[in-house]
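Participant: next comes the sequence, and after it the predicted model I'd like to discuss.
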2 protein chains.
Amino acid sequence: MKLAVVLLSGGLDSAVTLAIARREGFEAHALSFDYGQRHRIEIESARRVAASLGARAHRVALIDLRVFGGSALTADIEVPQGRSADEMSHGIPITYVPARNTIFLSYALAWAEVLKCSDIFLGVNAVDYSGYPDCRPEFLRAFEDLAALATRAGIDGARFEVRAPLLHLSKAEIIRKGTELGVDFALTHSCYDPSSNGGACGRCDSCQLRRKGFQEAGLVDRIRYATT
Amino acid sequence: MKLAVVLLSGGLDSAVTLAIARREGFEAHALSFDYGQRHRIEIESARRVAASLGARAHRVALIDLRVFGGSALTADIEVPQGRSADEMSHGIPITYVPARNTIFLSYALAWAEVLKCSDIFLGVNAVDYSGYPDCRPEFLRAFEDLAALATRAGIDGARFEVRAPLLHLSKAEIIRKGTELGVDFALTHSCYDPSSNGGACGRCDSCQLRRKGFQEAGLVDRIRYATT
């Protein structure tokens, strides 16, 4: 059976990515990070998602990005609330974590090399608002180039592939896809606001994108929002 | 004053690298990793080296590579002892840690972006025996390409530079260089064998390379070895 490492945040997109990897026949090794993020509830969501979608293994790697500061998700900066789609579409968000996907992919690469597999799944998306530099296709290709040079497996001829099946899908398309594949979205967590205590504020960028996605998909989101 | 991130392991090479960065006028931000390595004594060496060479800051990032296994430095695999130079020069050593420099450089990149600096110093070397894929010049260039795409700073036009001033020096040349720059090598730790309890076995690949380097440089190594 073919193996893959799947980066799993506990959010909606990575859950669908895991479901796609499973549907493609991969024995999925899910990888989450405890990186001092303020929304640690995501890790618990990731555990439930990994179990419900039949991941073969799920590891949580402890890393500490707070040592550097520099982002609303790791330091004490206020998470923006109630921004319009237009505001969201300008510039890189304050929730940008420096070099985050580079760090995450590096760990995935380490595990892939130990497992002797060459597929790494990542739920990044470039259609709905993102603005993160490390969600762009050219970044993913550059990481593949690096991986070939960085590893013993690469020297032995392995070509690591970073698979981003959601890259060109809208949030509504991602939700429809996940529904087809049996993803239980009630297990996922999208809210960026730590004061929601495991619930969903309904107003941060991430909640707004999720609500809009379900609306456009014509599907019901079974999580409860603090605001309508 | 210009800033740089300097990866500092506590070993001889990275100490000389830090001294070079300081000599070139950089305000050095030294970065070490507590990565579950069995030779944790290196971190204490790194602290002493950072202080003695006037690093502006020293951070130790906690990461856990043991979650994946796969290397003599992180799992319970025996460290090779008493190998000949010929044995050492064949293949990739068992002490290879999958994707290690990729992970280390990713963290350095995160910190560099927070500090708004673009120079990252790394003490890798390609002359004396290495065999690690992620010590090759082409790997370092690929990381620079990735960094330009991975970051907000890159989008804004920053070009990150991975500086590896020891890349083409022999161990003896590195030791002479460090001596010129006032590095106190007695503070550094090179031994890979955890059973040495902070001492130096004198027989692992790393101890052998160090001893040979001092010998060739015609200088005295003030650390004490368990074997002659």
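Facilitator: Sure thing, it's come through.
Participant: can you list the weak-confidence ranges in chain A?
Facilitator: Residue ranges of chain A with pLDDT under 70: A:36-39, A:69-96, A:128-130.
Participant: burial check on the residue lying closest to A:Met1 once chain neighbours are set aside, number of neighbours?
Facilitator: In this structure, A:Met1 finds its nearest non-sequential neighbour in A:Glu27, 4.8 Å apart by CB to CB, 6 or more residues apart in numbering or on different chains. Every C-beta, even on glycine, is put in place using the N, C-alpha and C of the backbone. A:Glu27: 16 surrounding residues under other CB atoms under 10 Å in any protein chain shown.
Participant: quick check on A:Glu27: phi, psi?
Facilitator: Dihedral pair for A:Glu27: phi -80, psi 110, per degrees, to the nearest 10.
Participant: try A:Ile175
Facilitator: phi -70, psi -40.
Participant: these two touch, right, it and A:Leu219?
Facilitator: Yes. Counting by CB atoms under 8 Å, A:Ile175 does reach A:Leu219; the two are 6.0 Å apart.
Participant: out of those two, which sits in the busier spot?
Facilitator: More crowded of A:Ile175 and A:Leu219, by other CB under 10 Å: A:Ile175, with 25 against 15.
Participant: any idea how far that one is from A:Arg222?
Facilitator: From A:Ile175 over to A:Arg222 the distance is 12 Å, taken as CB to CB, to the nearest Å.
Participant: now for these two: what residues contact both?
Facilitator: Counting by CB atoms under 8 Å, 6 or more residues apart in numbering or on different chains, the residues touching both A:Ile175 and A:Arg222 are A:Phe185.
Participant: and after the lengthiest helix in chain A, which helix or strand comes next?
Facilitator: Ranked by residue count under DSSP state H, the longest helix found in chain A is helix A:100-115. Downstream of helix A:100-115, the first helix or strand assigned by DSSP states H and E is strand A:119-121.
Participant: so what does that next one touch, helix or strand wise?
Facilitator: Packed against strand A:119-121, as judged by 3 or more CB pairs under 8 Å, 6 or more residues apart in numbering or on different chains; DSSP states H and E, are the following elements: strand A:3-7, helix A:12-23, helix A:100-115, strand A:161-163.
Participant: got a markdown table for those, with mean neighbour count and distance to chain B too?
Facilitator: Shown next, in a markdown table, are these (neighbours: other CB atoms under 10 Å in any protein chain shown; distance: least, CB to the nearest CB, whole Å):
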| stretch | mean neighbour count | distance to chain B |
| --- | --- | --- |
| strand A:3-7 | 25 | 10 |
| helix A:12-23 | 26 | 18 |
| helix A:100-115 | 25 | 4 |
| strand A:161-163 | 19 | 12 |
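Participant: next, format these as a markdown table and append distance to B:Ala200.
Facilitator: Shown next, in a markdown table, are the helices and strands packed on strand A:119-121 (distance: least, CB to CB, whole Å):
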| stretch | distance to B:Ala200 |
| --- | --- |
| strand A:3-7 | 37 |
| helix A:12-23 | 45 |
| helix A:100-115 | 28 |
| strand A:161-163 | 41 |
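Participant: nearest to A:Tyr35, of those?
Facilitator: helix A:100-115 (8.0 Å; CB to CB).
Participant: I'd like the distance from the closest one to the chain centre, please.
Facilitator: 14 Å (CA atoms, centre = their mean, to the nearest Å).
Participant: same check, this time on stretch A:47-65
Facilitator: Offset of stretch A:47-65 from its chain centre (CA atoms, centre = their mean): 12 Å.
Participant: give the buried residues for that stretch.
Facilitator: A:47-50, A:52-53, A:55-56, A:58-61, A:63-65 (16 or more other CB atoms under 10 Å in any protein chain shown).
Participant: ok, so of the residues you listed, who is nearest B:Gly157?
Facilitator: Distances from B:Gly157 to these, taken by CB to CB, are shortest for A:Leu65, at 24.0 Å.
Participant: helix, strand or coil for the closest one?
Facilitator: Secondary structure state of A:Leu65, per DSSP: H, G, I helix; E, B strand; the rest coil, is coil.
Participant: distance of A:Ser196 from A:Ile43?
Facilitator: Relative to A:Ile43, A:Ser196 is positioned 15 Å away (CB to CB).
Participant: confirm A:Lys210 sits in a helix?
Facilitator: In this structure residue A:210 is Arg, not Lys. Yes. Under three-state DSSP, A:Arg210 sits within a helix.
Participant: now do the contacts for it.
Facilitator: A:Arg210 is in contact with A:12, A:171, A:190, A:200, A:221, counting by CB under 8 Å, 6+ apart.
Participant: try it again with 6 Å
Facilitator: When contacts are counted by CB atoms under 6 Å, 6 or more residues apart in numbering or on different chains, A:Arg210 touches A:Ser190.
Participant: can you check the one 4 residues further on too?
Facilitator: Residues in contact with A:Phe214 (CB under 6 Å, 6+ apart) are A:175, A:221.
Participant: at 10 Å what do you get?
Facilitator: For A:Phe214, the contact set (CB atoms under 10 Å, 6 or more residues apart in numbering or on different chains) comprises A:12, A:171-172, A:175-176, A:179, A:185, A:220-223.
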